[in-house]
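> Need coordinates for the following:
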Amino acid sequence: MESCGKDFSRVEFLTYDEGICVQCMHIGSYDDEPTTVNLMHEYMKENGYDLDITNTRYHHEIYLSNPRKCDVSKLKTVVRHPIKKIK
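Purely as a prediction, here's the structure:
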């Protein structure tokens with residue numbers, strides 16, 4: 001498959017069940033994401049959950065803004081971490 005002179009032949013579409021996650025809309029610079037992640041982890045712990053990042057459950061960032069066209073202070077990124085209930 002080729003589009004706009006770029007080769008996308010190695011691109012794959014994957015579907016999987018993420019299970020329970022904590023996520024947050026981060027607005028602003030990518031450099032400031034650790035603050036958002038720390039708030040997510042505090043929320044997770046306060047509600048009886050542990051982080052559950054493994055080789056089958058992943059940290060995700062979903063970029064909703066184009067950094068080439070958007071002011072850095074308005075960048076929108078969904079940050080998602082898998083979690084599990086503390087027993």
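
> Identify all contacting residues around the helix or strand hosting residue 24.
Here residue 24 sits within strand 21-27, counting by DSSP states H and E. Under the criterion C-beta atoms under 8 Å, 6 or more residues apart in numbering, residues 32-33, 36, 39-40, 43-44, 49, 73-83 lie in contact with strand 21-27. Every residue, glycine included, has its C-beta placed from N, CA and C.

> Those, buried ones only, as a ChimeraX selection?
Applying 16 or more other C-beta atoms under 10 Å to the contacts of strand 21-27, the buried members can be selected in ChimeraX as follows:
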select :33,36,40,44,49,75,77,79,80,81,82,83
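
> Mark which of the contacts of strand 21-27 are part of helices, please.
Within those, residues falling in helices by DSSP state H are 33, 36, 39-40, 43-44.

> separation between residue 53 and residue 84?
Per C-beta to C-beta, to the nearest Å, residue 53 is found 10 Å from residue 84.

> Show me which of these two is the more surrounded one.
More crowded of residue 53 and residue 84, by other C-beta atoms under 10 Å: residue 84, with 14 against 11.

> Contact partners for the nearest residue to that one once chain neighbours are set aside?
Closest residue to residue 84 apart from its sequence neighbours, by C-beta to C-beta, 6 or more residues apart in numbering: residue 52 at 4.2 Å. Taking C-beta under 8 Å, 6+ apart as the criterion, residue 52 is in contact with 19, 81-84.

> Partner strands of the strand holding residue 24, with direction?
Take DSSP bridges as the rule and strand 21-27 pairs in its sheet with strand 76-85 (antiparallel).

> who's in contact with the strand it pairs with?
18-27, 30, 33, 36-37, 40-41, 44, 48-54, 57-65.

> Over to stretch 39-48?
Stretch 39-48 has contacts (C-beta under 8 Å, 6+ apart) with 22-24, 50-51, 79, 81, 83, 85-86.

> at 10 Å instead, please
Here stretch 39-48 makes contact (C-beta atoms under 10 Å, 6 or more residues apart in numbering) with 21-24, 26, 49-52, 79-81, 83-87.
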